[in-house]
Structures are given as C-alpha cells and as structure tokens.
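A.B. asks: Structure for the following, please:
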Amino acid sequence: MSSKLLIGYDVERIPGRVPGEKWVGRKVPEDSTSVFLKKIVEVHKELQVPATIFMVGCNIEKHLAELEKCLASGMFEIAQHTQDHYPLKTVVEETGSRVFLRGLDFDRMEEQIGRPVALLKKYLGVECKGITAPYTYYRGLSDRPDILEIISKSGMVYTRSYGRNSLDYFPLDWGIQPFFYDRQGFPGILECPVQGWLDAQWRHDNGWEKWEEYHSYLKAQVDRLESMNMCWSHLQHDWTSILFDENLHWTRKFIEYAAQKMEIKTYYDYYNWKKNG
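C.D. replies: Numbers count the residues shown, from 1 in each chain. From the prediction side, this is the model:
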C-alpha cells in the first residue's frame, strides 16, 4: 500500500506582521497571497492533484475571487488558519532561531477559531472541517483540551498543530503519525502532524534562494516514504512558495514527482479515509 501525501498551503501573508520581515531578512511581496492563489490553482488543475488551502480569516473577504476559482477547479478543500495568525500555544525554541512566542490569551481563542468558520460559510458556502495552528507546537493540542473543545464546537474534525519536536523546533520525526484525540475526550478530532522540516524553517536556516537543494530534500522524503505505508503532512506557505519562484516552478516539480509515488489527498478526504478505514 502506498503512502499518503497531504499537501496543505498555509495562506497567511499579512503585510507588516506575517511573516516578520526581520525574521525573513528581506522584503516579502505584499501581494504574495494574490499571486500565489492565482498561480497555484493553475498548477493543480493542470496536474489534477488535490490539496488543502488553510486560509487566515482576516484575508478571506479580500480574496474571494481567487478562492472561488480554487473551489471551482475541484482540486481544493478550503479550511482555516485562525482569524489573525496568533499562536494558540506558547512556543519556546531551545535551538535554532530560539524564538519565543507567547500563546494567545484564552478569552480570545473562541473568536480566533470560530470567526473563520463563519466567514467561509457566509462568503463561500464552505463547511470548514479543519484548522492548521499558527507556528505548530510540540505535542500539538494534546495538552489543551480546552482548545479542542472550541474546535469541536465549531464543527471541525481535524487539526494540524503538531509540528515541533521536544526542543520546540524542527524537524518532527516521521514516526509521529496522525492520531485521534481520544485520550483528551475528543475521539472525533484527528491530528495530522507536520513531519520533517517546515518549508519556511528549512529555507530560513539553509538559504531562501536554495530552491534546488530544498527540492532535493523533498524528493528524498518521497523516496523514503514511498513504500512505507505512512502519511506525510506537508506544509507550504503562500509567501514562501513565490519567494525566488514567482511562477511556482519548484512547487510544480515537487508535486509532479510526488504524484508518481504517493497517493495525494486533501486533509478532509484523509480524515474520512482514516475514520472509515
């Protein structure tokens, strides 16, 4: 049985805040989201490969035309990336960039999680089924049943929040595979961990312009996982995708290569497969 690949695009560019220009070390185009959405739909239509878009709520109304085209292509599921891209949990990196990010106050959590669900329903008729958590965390939301309760009440059935190792850094081991939050009392919520390196962190640490080297890393992961009957939850961003590659040449190459060796699903399709399998 072939391994499963879940391609998830975190569409999060908020000029002046996300990503932090100081962390990136260079200017990031303010129109990254528009450029990305217009081009990624063509890539997936041409290759006939599905993917999930995780959209920050504050940008949904600004990009309705692009999101409608993504839905019309039949290639995309649209889910959410919180309303304003604040960390749901505190991050304390013990290595690498040694970033400290204070987690969101709980009294703001319901708005940040629930608002995008309402916006997707109102403007696109989309029943939002999943959420990707800004920055990802060690153990995901295993220690935050209070947050899982809000996610459950909002009608979502999967999360993508576990992306860091025990040093609150990367990469996360491939042995961390999708699991349901049974122990926390939410057996209907599936966690889809982000294994390996996040695209932004690999390229930050190794060089933003080194697309060929990053592509070689991705290909090596495909080759490793091809026959292992595992799930790879792959994270890529709107702004990283077009940084030094506005035409998405390297993104296309990765998808073409992976599609030959792995079964590619949207996150919600994978959730249904996992639940019923």
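A.B. asks: Can you show me the helices along the stretch 101-250 of the chain?
C.D. replies: Secondary structure of the stretch 101-250 of the chain (DSSP state H, counting those that start in this stretch): helices at 109-124, 145-153, 199-206, 211-225, 238-242, 249-259.
A.B. asks: In stretch 67-77, which residues are buried?
C.D. replies: 67, 70-71, 75-77 (16 or more other C-beta atoms under 10 Å). Quick note: C-beta positions are derived from backbone N, CA and C, even for glycine.
A.B. asks: quick check, nearest of these to Y86?
C.D. replies: The closest of the buried residues of stretch 67-77 to Y86 turns out to be L67 (C-beta to C-beta; 21.9 Å).
A.B. asks: picking up where we left off before, which one of the helices of the stretch 101-250 of the chain lies closest to T136?
C.D. replies: That would be helix 199-206 among these, by C-beta to C-beta, at 9.9 Å.
A.B. asks: and that closest one, which residues are buried?
C.D. replies: 199-204.
A.B. asks: before we move on, what about stretch 94-111?
C.D. replies: Across stretch 94-111, burial judged by 16+ other C-beta under 10 Å covers 101, 103-104, 109.
A.B. asks: Look at that stretch and report the distance between its end residues.
C.D. replies: 30 Å (C-alpha to C-alpha, to the nearest Å).
A.B. asks: likewise stretch 137-148?
C.D. replies: Stretch 137-148 has an end-to-end distance of 14 Å (criterion: C-alpha to C-alpha).
A.B. asks: ok, back up a step: okay if I get the buried residues of helix 199-206 as TSV plus distance to R115 and pLDDT?
C.D. replies: Shown next, in TSV, are those (distance: C-beta to C-beta, whole Å; pLDDT from 0 to 100):
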residue	distance to R115	pLDDT
D199	26	98
A200	24	98
Q201	27	97
W202	31	98
R203	30	98
H204	29	97
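A.B. asks: and the gap between the nearest residue to V99 once chain neighbours are set aside and T82?
C.D. replies: Spatial nearest neighbour of V99, chain neighbours left out: E93 (4.8 Å); criterion: C-beta to C-beta, 6 or more residues apart in numbering. The spacing between E93 and T82, counted by C-beta to C-beta, to the nearest Å, is 20 Å.
A.B. asks: likewise M75?
C.D. replies: 24 Å.
A.B. asks: CSV please, covering the buried residues of stretch 67-77 and showing secondary structure, distance to W273 and pLDDT.
C.D. replies: Putting these into CSV (DSSP: H, G, I helix; E, B strand; the rest coil; distance: C-beta to C-beta, whole Å; pLDDT from 0 to 100) gives the following:
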residue, secondary structure, distance to W273, pLDDT
L67, helix, 25, 98
C70, helix, 22, 98
L71, helix, 21, 98
M75, coil, 18, 98
F76, strand, 18, 98
E77, strand, 13, 98
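A.B. asks: Out of the residues you listed, give me the two with the largest separation.
C.D. replies: L67 and M75 (12.6 Å).
A.B. asks: Closest one to S142 out of the buried residues of stretch 94-111, please.
C.D. replies: Of the buried residues of stretch 94-111, the one sitting nearest to S142 (C-beta to C-beta) turns out to be G103, at 14.7 Å.
A.B. asks: Would you confirm that that closest one contacts V92?
C.D. replies: No: contact criterion C-beta atoms under 8 Å: G103 and V92 do not qualify, at 10.2 Å.
A.B. asks: for the helices of the stretch 101-250 of the chain, which one ends up most surrounded?
C.D. replies: With neighbours defined as mean count of other C-beta atoms under 10 Å, the helices of the stretch 101-250 of the chain peak in mean count at helix 238-242, which reaches a mean of 24.
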